[in-house]
Structures are given as structure tokens and as C-alpha cells.
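here's a sequence, model it:
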Amino acid sequence: MIDTASLHLGRWWSQEGEKIQCDLCPRHCQMKPGQRGFCFVRQATSSGMALTTYGRSSGFCIDPIEKKPLNHFFPGSSVLSFGTAGCNLGCKFCQNWDISKSREMDRLMDVASPEGIAETAQKHGCRSIAFTYNDPVIFAEYAIDVAQETRKRGIKNVAVTAGYITKNARAEFFEEMDAVNVDLKAFTQRFYRDLCAGEIEPVKDTLRYLVHETDIWVEITTLLIPEENDGDDEIRELAAWVREELRPTIPIHFSAYHPDYKLKRPKTPPSTLTKARAIAMEEGLQFVYTGNVHDPAGDNTHCPNCNHLLIERDWYALGQWGLSTTLKGTCSQCGAKIPGHFDANPGQWGRRRQPVRVGR
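Purely as a prediction, here's the structure:
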């Protein structure tokens with residue numbers, strides 16, 4: 001039972017009569033005091049909308065930034081990752097369902113203040129903090145407060161999100177982010193409706209906003225599921241949209257699905273990812289990667305101008321570094337500017353995954 005006196009009053013809500021409407025995500029859940037929205041973590045009270053998971057996390061872990069995945073955002077650096085519980089989409093294939101679908105508040109074992117999280121990231125030398133595991137949109141107030149504390153210490157902020165957020169809320173949320181990986185689930189409304197209980201257009205609007213109205217670094221991930229969103233035509237249409245509506249330089253990651261939660265399709269064959277990568281590159285996308293499989297060709301970054309190997313990857317460990325050590329973010333062979341955020345030398349975090357505890 002949640003003590004309503006201790007709830008953190010949220011933003012982005014309106015009231016009509018006795019009902020509170022959540023204006024954070026496109027669902028616009030309407031609730032009477034005591035009721036919760038679809039995400040289960042935003043609750044109507046007599047004072048307005050409250051976030052029940054503020055200051056509470058499902059755990060903290062230091063990861064390689066490539067695991068988010070972000071391949072053009074300080075490669076090789078470490079990132080302090082954490083999430084809470086709940087989600088505003090209902091994906092039948094959720095790969096983190098034990099966290100995002102949990103309605104057991106006692107799963108939120110770590111209690112941590114924004115200051116405590118920022119201090120922990122600084123203590124461990126993390127280049128950035130990632131709001132991940134479940135979608136940070138639903139704990140936006142907590143994420144914003146943490147991000148503001150980390151920025152005071154020169155630490156970057158990363159959101160790993162499905163981009164299911166309203167126009168009213170997105171500017172305030174993304175203002176605090178330095179990099180975003182948007183999970184573009186598929187490229188059909190049918191998929192979003194039947195497998196995610198959502199809509200695709202708000203996600204496309206979020207991507208347009210991020211790319212054209214902010215300076216945030218953006219990468220995209222699409223989990224390819226056999227017989228659901230892995231068709232050649234759909235992948236070609238998705239890639240063409242990214243090229244035309246966003247930019248051909250936006251990195252996109254095609255990742256392998258494994259059976260989980262409510263969907264039990266066979267796992268994605270590596271050949272599907274290889275083919276998707278080839279199609280996207282045929283459509284003019286310059287940086288296309290494969291994920292959740294060991295595929296050196298799909299892991300590495302090459303210069304789109306001269307094909308020089310810029311960043312060699314073996315899973316999450318970096319090898320050869322072909323970027324200039326004097327002119328950051330340029331090809332050492334031809335001098336072409338490579339989009340992204342790069343240091344002169346690669347980070348040395350490697351493949352490590354290090355759980356940490358955060359003080360209050």
C-alpha cells in the first residue's frame with residue numbers, strides 16, 4: 001500500500017471535475033483519486049497527479065555506452081544505468097518485462113536521491129548516466145531532477161526511450177538530455193496497435209522533434225521479430241523515412257529478438273539482421289548496425305567517405321581506432337567529419353558490467 005502523503009506530485013496533468021487527466025503520454029489516462037494510469041506508476045490524488053516511483057529504482061549498474069546502444073556517443077566510455085518500474089506501452093515481446101511490467105513495488109529495492117545518483121556516477125568516473133531498463137518518460141520528474149544534478153558535475157545524460165510522449169511534455173523532458181536512443185518498434189500502425197497497445201505517429205513526431213528541433217544526439221533501435229516487422233518492404237520503408245524525414249547520418253541498430261514475455265516467436269536469425277542492414281544501406285543510411293548477435297561487420301563503424309575503419313568493435317569492447325587523435329570526430333585517413341560526440345581517444349571501459357549501490 002502506497003502512503004499517499006509521501007507521493008511526489010507530478011507535472012503534466014489537468015483536471016475536469018473529479019477526474020485527473022495525465023498529459024505526459026498520448027494515452028491521456030483519466031483517473032479518479034486513488035486510481036493509477038496504464039503505466040501503473042502515475043496515480044491520481046486529491047492534490048493532482050503523483051509519481052509513485054520517485055526516488056526508487058530497480059537497480060544501478062555501470063555499463064559500456066555501446067550497450068544502450070549508442071555507437072557515436074563517447075565510444076568506450078562508462079555509463080551509470082538505472083530504471084524504475086512500469087511502462088506506458090504494452091509490448092507483448094518486452095525484453096525487460098520483469099521490470100517494466102512489474103506491479104510489485106517491493107521490486108524497487110534501491111532508494112536514491114538525485115544528489116546520491118550524481119555523486120555515485122562522479123565517484124566511479126562515469127561519463128554519462130542512462131535512464132533505461134524501463135521507459136524514463138513515465139518517471140520524467142525523477143529523471144529531470146537527476147539529470148540536473150549530474151550536469152552540475154559535468155556528466156552527460158542519456159535517455160533510452162520508446163518516444164511515447166506528448167508535445168506538451170517532451171520539450172521539458174528532453175531539454176535535460178544529451179543523447180537519446182529511440183526504440184522505433186516497427187514501421188506499421190498494425191504492429192504498434194496489436195503488439196504494443198499504442199500508436200506509431202507520436203513516436204515519429206518525437207523523432208522529428210529530436211532531430212530537427214534540438215541538439216540532442218539521436219540513435220534509433222528496431223528489434224526485428226520474425227514474421228512481425230522483419231519484411232524487406234517494411235525495412236526499406238523505415239530506412240527511407242529515416243533518410244527523408246530525419247537524416248541519412250542517423251545511426252540505426254537492428255537488433256535480434258528472443259522469445260520473452262507473451263510473444264513466443266522463434267528468435268531472430270543473424271541473417272535477418274544482415275539483410276536488414278544491407279537494405280538500409282541501399283536506401284542511403286550511412287551508419288547501420290546489428291545488435292544482440294556477434295557480427296563484426298555490423299558492429300564496426302566505417303567512414304562513409306573513404307570506407308576507412310573508424311571504430312572496431314567486438315561486442316562492447318573497442319579495438320582499432322581510426323578517428324583522428326588531434327581533430328576529434330574526424331576520419332584519420334580522409335579528414336571527413338563523422339557525426340556524433342567523440343573524444344580524441346577511445347574510452348577504456350570495455351565489456352564490464354558492474355552493479356553498484358547508491359546512497360540516499
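
is it true that D260 touches Q95?
Yes - counting by C-beta atoms under 8 Å, D260 does reach Q95; the two are 5.5 Å apart. Where C-beta positions appear, they are placed from N, C-alpha and C, glycine not excepted.

and the nearest residue to F93 once chain neighbours are set aside, what pLDDT?
Leaving aside its sequence neighbours, F93 sits nearest to L263 (C-beta to C-beta, 6 or more residues apart in numbering; 4.1 Å). Listed pLDDT for L263 reads 81.

need the contact list for L263.
Residues near L263 by C-beta atoms under 8 Å, 6 or more residues apart in numbering: 92-93, 195, 225.

just E141 next, same as before
E141 neighbours (C-beta under 8 Å, 6+ apart): 8, 10-11, 51, 54.

between all of those residues, which two are separated the most?
Greatest spatial distance in the contacts of E141: R11 and Y54, 11.6 Å, computed using C-beta to C-beta.

tell me which of these two has more neighbours.
Neighbour count, other C-beta atoms under 10 Å: between R11 and Y54, Y54 has more, with 19 against 16.

my read is that that one contacts I144, right?
No - look at Y54 against I144 with C-beta under 8 Å: they stay out of range, at 10.8 Å.

torsion angles phi and psi at the closest residue to L246 other than its chain neighbours?
Leaving out its chain neighbours, the residue that sits closest to L246 by C-beta to C-beta, 6+ apart is V211, at 4.7 Å. Backbone torsions for V211, taken as degrees, to the nearest 10, come to phi -80, psi -40.

quick one: H124 from A278, how far?
H124 sits 39 Å away from A278, going by C-beta to C-beta, to the nearest Å.

swap in V242?
Noted for V242: a distance of 15 Å to A278, by C-beta to C-beta.

the more surrounded of these two?
Per other C-beta under 10 Å, whichever of V242 and A278 has more neighbours is V242, with 26 against 13.

what kind of secondary structure is the more buried one in?
When classified by DSSP: H, G, I helix; E, B strand; the rest coil, V242 comes out as helix.

hang on, isn't it packed against I250?
Yes - the pair V242 and I250 qualifies as a contact (C-beta under 8 Å) at a distance of 5.7 Å.

spit out the residues that contact these two alike.
220, 285.

so who does G335 touch?
If you count contacts by C-beta under 8 Å, 6+ apart, G335 has them with 324, 327.

my guess is it is in a helix, correct?
No - counting by three-state DSSP, G335 is not found in a helix; it is coil.

could you report the pLDDT at it?
98.

ok, now how distant is it from Q15?
G335 is 58 Å from Q15, by C-beta to C-beta.

for the lengthiest strand in the chain, which helices and strands make contact with it?
Secondary structure assigned by DSSP state E gives strand 217-224 as the longest strand of the chain. Counting contacts by 3 or more C-beta pairs under 8 Å, 6 or more residues apart in numbering; DSSP states H and E, strand 217-224 is packed against strand 179-183, helix 201-213, strand 252-256, helix 270-282.

output the ones you listed as CSV; include the columns mean pLDDT and distance to Y133.
Below are those laid out as CSV (pLDDT from 0 to 100; distance: least, C-beta to C-beta, whole Å):
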stretch, mean pLDDT, distance to Y133
strand 179-183, 98, 12
helix 201-213, 98, 19
strand 252-256, 97, 16
helix 270-282, 98, 23
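
could you dump the ones you listed to JSON lines with distance to T161?
Output for the helices and strands packed on strand 217-224, formatted as JSON lines (distance: least, C-beta to C-beta, whole Å):
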{"stretch": "strand 179-183", "distance to T161": "6"}
{"stretch": "helix 201-213", "distance to T161": "8"}
{"stretch": "strand 252-256", "distance to T161": "14"}
{"stretch": "helix 270-282", "distance to T161": "21"}
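
right, so of these, which gets closest to D23?
helix 201-213 (12.8 Å).

how about the helices in the chain?
With helices called from DSSP state H, the chain shows them at 97-100, 114-123, 140-152, 167-174, 189-196, 201-213, 232-241, 270-282, 296-299.
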